[in-house]
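> No letters, just coordinates:
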């Protein structure tokens, strides 16, 4: 029984902290690498050769390539991300408007006509019709 038993308390708290910090930084760098690659493809101001050059640079020398790209084109990255988000939001809003089929608020006359149809079918009583009509008119 001369063998040494390695227990969890033999790993110091500071060592655990440094391990967690390095894992966190590594994951953040991976996210930054993918953001740079997406931005390279998203940028319409660069031609194909420039995109190829930046992509090769970030793949062959990843740390240096990512940091040089962020320094050289970092402002544009934020602007392009905002434009992309704004375009997707406008596209979503347009799709919702097309799906709903309404371009503006429904007029009181349209609401009263629909209420009359519902009452004529017998789906609501006269009292419910009166309350809904008051709500529409006020």
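Received, thanks. Note that the structure is a prediction, hence the values are computed from the model and not measured.

> can you pull the contacts of residue 21?
By Cβ atoms under 8 Å, 6 or more residues apart in numbering, the contact set of residue 21 is empty. C-beta: built from backbone N, CA, C; applies to glycine.

> quick check: longest helix of this protein.
helix 62-100 (DSSP state H).

> Now that helix: buried residues?
Judged by neighbour count (16 or more other Cβ atoms under 10 Å), helix 62-100 contains these buried residues: 65, 66, 67, 69, 73, 77, 80.

> Tabulate those (JSON lines), appending distance to residue 16.
What follows is the buried residues of helix 62-100, written out as JSON lines (distance: Cβ to Cβ, whole Å):
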{"residue": "65", "distance to residue 16": "32"}
{"residue": "66", "distance to residue 16": "28"}
{"residue": "67", "distance to residue 16": "28"}
{"residue": "69", "distance to residue 16": "33"}
{"residue": "73", "distance to residue 16": "37"}
{"residue": "77", "distance to residue 16": "34"}
{"residue": "80", "distance to residue 16": "39"}
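
> pLDDT averaged over stretch 19-32 - what is it?
When pLDDT is averaged along stretch 19-32, the result is 94.

> ditto for stretch 114-134
The average pLDDT for stretch 114-134 rounds to 88.

> how much space between residue 13 and residue 20?
Noted for residue 13: a distance of 11 Å to residue 20, by Cβ to Cβ, to the nearest Å.
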